[in-house]
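J.: Got a predicted model here, sequence first, then my questions.
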Amino acid sequence: MKIHIVGGGLAGTEAAWQVLRAGHAVTLHEMRPSISTPAHKTGDLAELVCSNSLKSLSPDSAPGRLKAEMTALDSLVLRAAKFAQVPAGQALAVDRVKFSTFIEQELKAHPGFTRIDEEVTKLPSAEEMISSDEWWIVATGPLTSAALASQLTALSPDQRRLYFYDAIAPVIAADSIDMDHAFRASRYDRDSEGSEGDYLNLPLNKEQYESFIEAVTNAEYMPLHEFEETRYFESCLPIEVMVERGRETLRFGPMKPMGLINPKTGHRPWANVQLRLENVEGTMYSMVGFQTKMKWPEQKRVFSMIPALKDAEFLRFGSVHRNTYLKSPELLAQDLSCKASPRLFIAGQITGVEGYTESAAIGLLAGRSLVAKMTGTTFAMPPKDTMIGALVHYVTYGGLGDFQPMNANLGLLPHLDRQRGESKANKKARQCQAATERFESYLSNL
């Protein structure tokens with residue numbers, strides 16, 4: 001038996017780890033660094049290309065619940081994230097280099113792991129996989145090459161694949177930030193224990209905010225393909241798209257001042273930009289929620305209007321890239337294998353999940369599911385009233401209306417009626433508690 005995994009991102013490396021821990025050898029095919037993508041910068045495994053945040057750790061949130069369930073299932077990605085963690089309040093943010101290095105070292109240390117640096121453009125047919133006793137997982141992500149994407153699309157009944165545009169935020173050199181116009185704090189003082197402030201805040205007054213909005217509105221942008229409809233994922237909108245929805249949109253989004261008091265004035269800012277640590281050494285910061293498709297010189301000009309960034313050195317400018325995903329409910333069986341090719345499994349963002357942890361979660365389940373099918377044993381997918389189970393259920397069954405990318409959210413869990421006088425926060429806590437109990441029951445029967 002031979003197991004091949006195509007793609008060395010979060011889903012591919014997580015799937016590889018699950019196969020290895022079950023006692024089987026695996027060959028991982030990764031086209032980088034020989035062939036790169038519009039978003040990647042290195043040939044490293046599990047390179048984080050957008051934000052360095054894996055979202056909330058709060059146990060009463062969907063991302064927090066998903067992390068807890070993945071940790072219980074021995075997720076390599078979550079172990080790497082905890083190892084490479086940098087202060088970010090209630091969020092799990094990581095040092096990108098340490099995160100990637102941890103995963104690469106863990107995999108390479110296993111005697112059953114082989115990495116081949118090559119682009120896979122053609123997959124064996126269902127019959128060829130059986131005759132050669134091969135099993136495959138494709139986890140090539142939203143930037144899958146056109147050749148491979150076409151092959152996967154051909155396995156779907158209507159032979160369609162979908163897309164949306166994703167955006168990346170800029171990264172700034174820490175020593176180029178004017179600290180006279182900045183202060184450290186997390187929103188509502190939710191800092192890590194012992195921290196002086198997990199986020200660097202760049203306050204703006206009303207006049208500065210209005211000038212900034214005017215500059216964003218009139219900036220020059222990178223053109224997208226004219227023949228395509230521009231579709232963005234709602235939780236990762238470029239700031240200029242938000243401004244198009246109204247001049248105050250940023251003040252209720254990534255520039256919201258709520259929960260922050262500027263110690264230099266004693267007042268809440270009119271608007272506020274938050275910077276999050278990019279590495280353990282504290283030499284780099286990323287602009288939280290500041291995805292953009294502005295041209296690079298324009299980013300330098302516009303973002304330098306923020307007082308603390310007037311002399312900022314941008315180590316990476318923001319960008320926009322096209323993401324591809326499959327119409328998975330038509331293509332995939334409940335175990336994440338292809339209905340038309342049962343030894344071929346699909347994992348990660350290309351299945352229609354959105355987010356680092358979500359991508360790794362589907363990789364985790366695909367790896368375990370493949371091992372069970374290959375060895376003739378039973379692997380029960382987590383039930384849909386757990387967070388990870390709700391996510392895989394969405395990928396394999398879909399929802400109402402058109403299939404769209406989905407991240408972990410409490411709306412995927414079974415509905416709970418809100419009790420009389422109950423707060424939204426308490427209802428969310430009850431949903432998470434119910435998911436916790438259901439997952440613990442699932443674990444006890446594995």
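T.: Thanks, I have the structure now.
J.: Which residue, other than its chain neighbours, is closest to residue 261?
T.: Using C-beta to C-beta, 6 or more residues apart in numbering and skipping residues adjacent in sequence, the residue nearest residue 261 is residue 268, 5.8 Å away. All C-beta atoms are positioned from the backbone trio N, CA, C, and that covers glycine.
J.: My guess is the one you found contacts residue 251. True?
T.: No: taking C-beta atoms under 8 Å as the definition, residue 268 is not a contact partner of residue 251, at 11.4 Å.
J.: anything in contact with each of the two?
T.: residue 257 (C-beta atoms under 8 Å, 6 or more residues apart in numbering).
J.: higher neighbour count, those two?
T.: Between residue 268 and residue 251, counting by other C-beta atoms under 10 Å, residue 251 is the more crowded of the two (20 against 13).
J.: Could you verify that the more buried one is part of a helix?
T.: Yes: counting by DSSP: H, G, I helix; E, B strand; the rest coil, residue 251 falls inside a helix.
J.: Return the distance of residue 368 relative to residue 4.
T.: Separation of residue 368 from residue 4 (C-beta to C-beta, to the nearest Å) stands at 17 Å.
J.: What are the boundaries of the helices in the stretch 201-350 of the chain?
T.: In the stretch 201-350 of the chain, the segments counted as helices under DSSP state H, counting those that start in this stretch are 206-218, 239-244, 296-303, 328-331.
J.: and the last one, average pLDDT?
T.: For helix 328-331, the mean pLDDT works out to 91.
J.: quick one: contacts of that helix?
T.: Residues from elsewhere that reach helix 328-331, judged by C-beta under 8 Å, 6+ apart: 152, 155-158, 338-340, 346, 351-352, 395-398, 403.
J.: switch the cut-off to 6 Å
T.: Residues from elsewhere that reach helix 328-331 (C-beta atoms under 6 Å, 6 or more residues apart in numbering): 155-157, 351-352, 395, 397-398.
J.: Which of those fall within helices?
T.: Mapping the contacts of helix 328-331 onto helices (DSSP state H) picks out 395, 397.
J.: Serialize the contacts of helix 328-331 to a markdown table and add fields for pLDDT, neighbour count and distance to residue 57.
T.: Output for these, formatted as a markdown table (pLDDT from 0 to 100; neighbours: other C-beta atoms under 10 Å; distance: C-beta to C-beta, whole Å):
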| residue | pLDDT | neighbour count | distance to residue 57 |
| --- | --- | --- | --- |
| 155 | 85 | 19 | 37 |
| 156 | 78 | 19 | 36 |
| 157 | 76 | 10 | 40 |
| 351 | 93 | 31 | 24 |
| 352 | 88 | 27 | 25 |
| 395 | 94 | 27 | 24 |
| 397 | 92 | 13 | 29 |
| 398 | 87 | 17 | 29 |
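J.: Quick one: find the helix or strand in this protein with the lowest mean pLDDT.
T.: In the chain, no helix or strand scores lower on mean pLDDT, DSSP states H and E than strand 161-168, which sits at a mean of 68.
J.: Report the next helix or strand after that one in sequence order.
T.: strand 171-173 (DSSP states H and E).
J.: and that next one, which strands flank it?
T.: strand 284-287 (antiparallel), strand 314-316 (antiparallel) (DSSP bridges).
J.: Comparing the ones you listed, which yields the minimum mean pLDDT?
T.: Lowest mean pLDDT of those: strand 314-316, a mean of 84.
J.: neighbouring contacts of it?
T.: Contacts of strand 314-316 (C-beta under 6 Å, 6+ apart): 170-173.
J.: list the buried ones in it?
T.: 314-315 (16 or more other C-beta atoms under 10 Å).
J.: tell me how far that strand is from the chain's mean position?
T.: Mean C-alpha position of strand 314-316 versus that of the full chain (C-alpha atoms, centre = their mean, to the nearest Å) differs by 21 Å.
J.: Farthest-apart pair in the contacts of helix 328-331, please.
T.: 155 and 397 (17.7 Å; C-beta to C-beta).
J.: Looks to me like residue 360 is in a helix.
T.: Yes: assessed by three-state DSSP, residue 360 belongs to a helix.
J.: residue contacts, it?
T.: 10-11, 14, 77.
J.: ok, which pair from the residues you listed is furthest apart?
T.: Longest span within the contacts of residue 360, C-beta to C-beta: 11 and 77, 8.9 Å.
J.: hang on, the earlier thing: is it true that the residue nearest to residue 261 touches residue 257?
T.: Yes: counting by C-beta atoms under 6 Å, residue 268 touches residue 257, with 5.1 Å between them.
J.: before we move on, back to that, pipe the helices of the stretch 201-350 of the chain into JSON lines and attach distance to residue 131 and mean neighbour count per row.
T.: Formatted as JSON lines, those follow (distance: least, C-beta to C-beta, whole Å; neighbours: other C-beta atoms under 10 Å):
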{"stretch": "helix 206-218", "distance to residue 131": "58", "mean neighbour count": "15"}
{"stretch": "helix 239-244", "distance to residue 131": "50", "mean neighbour count": "19"}
{"stretch": "helix 296-303", "distance to residue 131": "51", "mean neighbour count": "18"}
{"stretch": "helix 328-331", "distance to residue 131": "23", "mean neighbour count": "20"}
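J.: can you tell which of the ones you listed is closest to residue 114?
T.: helix 328-331 (27.8 Å).
J.: and the closest one, how far from the chain's centre?
T.: 21 Å.
J.: Could you list the alpha-carbon positions for it in CSV?
T.: Extracted in CSV, the C-alpha atoms of helix 328-331 (Å, rounded to 0.1, in the frame of the first residue of the first chain):
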residue,chain,number,x,y,z
SER,A,328,-17.7,19.5,-2.5
PRO,A,329,-21.2,18.4,-1.6
GLU,A,330,-21.6,17.0,-5.1
LEU,A,331,-18.1,15.6,-5.3
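J.: residue ranges with poor pLDDT in the stretch 51-200 of the chain?
T.: For the stretch 51-200 of the chain, residues meeting the criterion pLDDT under 70 lie at 159-167, 191-196.
J.: all strands for it, in order.
T.: 53-56, 85-86, 91-94, 113-117, 134-138, 161-168, 171-173, 183-184, 199-204 (DSSP state E, counting those that start in this stretch).
J.: Quick one: neighbours of the closest residue to residue 443 other than its chain neighbours, just the number.
T.: Leaving aside its sequence neighbours, residue 443 sits nearest to residue 72 (C-beta to C-beta, 6+ apart; 6.0 Å). Counted with other C-beta under 10 Å, residues neighbouring residue 72 total 15.
J.: To what extent is residue 151 buried, counted in neighbours?
T.: So residue 151, with other C-beta under 10 Å, has 17 neighbours.
J.: Please apply the same query to residue 270.
T.: Each residue near residue 270 was counted by other C-beta under 10 Å, and the total is 16.
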